[in-house]
Every structure is written in structure tokens, then in C-alpha cells.
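# Based on what follows, work out the 3D shape:
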Amino acid sequence: MDEQLTTQKVPRHRRKKTKKIGMIQVILSILLIIFWLVGVYAGYWYIETRMAKNHQQTKTLIEQSINAVQETNALRVQELEDRLTALNVDMEQIEEALANADDSLNESNETREQLNNRIEQLDKQLEELRKSLEILKGN
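Numbers count the residues shown, from 1 in each chain. Sure thing, here's the model as predicted:
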């Protein structure tokens, strides 16, 4: 029984040493968990920051591309408007030329009619002059 008492009774300095080792292990475990949590948070923060930066760069590139396309479209729209204006001016000139041609044709027809009337009058006068000449020859 004495052996049991001796094995159950641990010297005091040994118990303190065992308690110290246990406390150190607990403290080291807690520190390890804290460092692990800090590492996880640092990784999360780094990835989040990196993703935000990439997102901003992508957003900037997309905005620049959109602006470039809008500028190109604006230039092309302006070119098309200029061409349309030029075509409208050309159409107006063609319409005016056609109107003038119609007027000329109408005037030509009127002139032709007037000339035909004048020719008929001159033919009548010529016929009258022939009759008068025959009368004069006959006398």
C-alpha cells in the first residue's frame, strides 16, 4: 500500500511543472489559433483588396471602350448627317433643274405655237400677195 501512496503522491514541484507545461500548451494553442485566424483574415483582406482593384480596372476599361465606341459613333453619325445634307442639297438642285426644264419645255411649246401661228399668218399674207401679184400681172 505504501507503493500506492507513493505513486499517488506526486511531489509538489513536479505538479507545478506539469501545470506549467499544460498552461504553456494551452497558451501556445491559443496563440496558434490566433495566428491562424489572423492569417485567414489577412488572406481574405488581400483577396478582397485585389478583387476590388481588378474590378475597378475592369470597370475603367469597359467605360473607356464604351466612350471610344460612342465617340466613333458620334463621328459616323455626323458624317452621315453631312452626307444626308449634301444629298438634300443635290436633290433640291435636281428638282430645280427639272422645274426649269419643264418651264423650258412649256416655253418651247408656247414658242412653237406662236411660231406656227406667225407662219400661218405669213402664209396667208403671202397668198394674198400672190393673188395681188396675179391681179397686177393680169392687168
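# what helix or strand does residue 86 sit in?
For residue 86, the host element (DSSP states H and E) is helix 12-138.
# so what pLDDT did residue 64 get?
pLDDT recorded at residue 64 is 96.
# swap in residue 59?
96.
# Same question for residue 52.
The model reports residue 52 with a pLDDT of 95.
# if I look at it, how far off is residue 38?
Using CB to CB, to the nearest Å, residue 52 is found at 21 Å from residue 38. For glycine as for every other residue, the C-beta is placed from the backbone atoms N, C-alpha and C.
# Repeat that for residue 57.
Taking CB to CB, one finds residue 57 at 28 Å from residue 38.
# how far is the helix holding residue 86 from where the chain is centred?
Helix 12-138 sits 7 Å away from the centroid of its parent chain (CA atoms, centre = their mean, to the nearest Å).
# by contact count, what packs against that helix?
For helix 12-138, the contact count by 3 or more CB pairs under 8 Å, 6 or more residues apart in numbering; DSSP states H and E identifies no helix or strand as a packing neighbour.
# Just give me the neighbour total for residue 32.
Per other CB atoms under 10 Å, the neighbour tally for residue 32 reads 10.
# And the pLDDT at it?
With respect to pLDDT, residue 32 scores 96.
# Could you tell me how far it is located from residue 73?
Distance of residue 32 to residue 73, given as CB to CB: 61 Å.
# In the chain, where is pLDDT below threshold?
When residues are selected by pLDDT under 70, those of the chain lie in 1-17, 138-139.
# Could you find the residue nearest the spatial middle of it?
Geometric centre of the chain, nearest residue: residue 70, 3.6 Å, by CA atoms, centre = their mean.
# gap between that one and residue 93?
Taking CB to CB as the measure, residue 70 falls 35 Å from residue 93.
# Check residue 133 too.
The value you get for residue 133 to residue 93, if CB to CB is used, is 57 Å.
# Perfect, that will be all.
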